[in-house]
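J.: build me a model:
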Amino acid sequence: MDSRARDVSLGRRLAAITLDWLACYAIIAALSGGIGQMTPDRSPIILALFFGEVAILTALTGASLGQKIFGLRVVRFSDGGAITPLQALIRTFFLVLVVTAVTYDENGRGIHERISKTVLTRNS
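T.: Alright, predicted model coming up:
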């Protein structure tokens, strides 16, 4: 399992998470009457939507919207099987803390992945 995390480049990871964030931003902007109507107090709402989108889609499908588009999926580190909803929730919680998502180990896994016992892989 160790080398599978290395198969996912940092660029692909960043592209996927950026797409997820922009999708959530666009939804809140649309509900707020457009980007011009956005105020700084919308940031917690965007973060909450991002958390929900990533957690729910990862739990149900094994990937967030951005991960699906970029051909990635989240699996159990131990055997490559489907993750549990609890693993998705733990992974997403630590992902939104950012520091745990940008700190990698020798296997290319972020702290959020080690704590949740998951790994991001490329679809085969």
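J.: now the strands for this structure?
T.: Under the criterion DSSP state E, the chain contains strands at 72-76, 118-122.
J.: direction included, what does the first one pair against?
T.: Read that as strand 72-76. Strand pairing for strand 72-76, using DSSP bridges, gives strand 118-122 (antiparallel).
J.: just give me how far the strand it pairs with sits from the chain centre.
T.: Distance, stretch centre to chain centre, for strand 118-122: 11 Å (C-alpha atoms, centre = their mean, to the nearest Å).
J.: same thing with stretch 70-80?
T.: With C-alpha atoms, centre = their mean, you get 12 Å for stretch 70-80.
J.: which residues sit against it?
T.: 1, 4, 8, 12-13, 15-16, 19, 58, 62-63, 67, 81-83, 87-88, 91, 109, 113-114, 117-123 (C-beta atoms under 8 Å, 6 or more residues apart in numbering). In short, each C-beta sits where N, CA and C put it, glycine included.
J.: out of these, which are inside helices?
T.: 4, 12-13, 15-16, 19, 58, 67, 87-88, 91, 113-114 (DSSP state H).
J.: from those residues, which is closest to residue 37?
T.: Relative to residue 37, the closest of the ones in helices among the contacts of stretch 70-80 is residue 19; by C-beta to C-beta it sits at 22.9 Å.
J.: how much space between that closest one and residue 36?
T.: 23 Å (C-beta to C-beta, to the nearest Å).
J.: more crowded one of the two?
T.: Neighbours were counted for residue 19 and for residue 36 using other C-beta atoms under 10 Å; residue 19 has more, 17 against 7.
J.: I'd say the more buried one and residue 54 touch.
T.: No - at 11.2 Å, residue 19 does not count as touching residue 54 under the criterion of C-beta atoms under 8 Å.
J.: so for residue 97, which of the strands of the chain sits nearest?
T.: With C-beta to C-beta as the measure, strand 118-122 is the member of those nearest residue 97 (15.5 Å).
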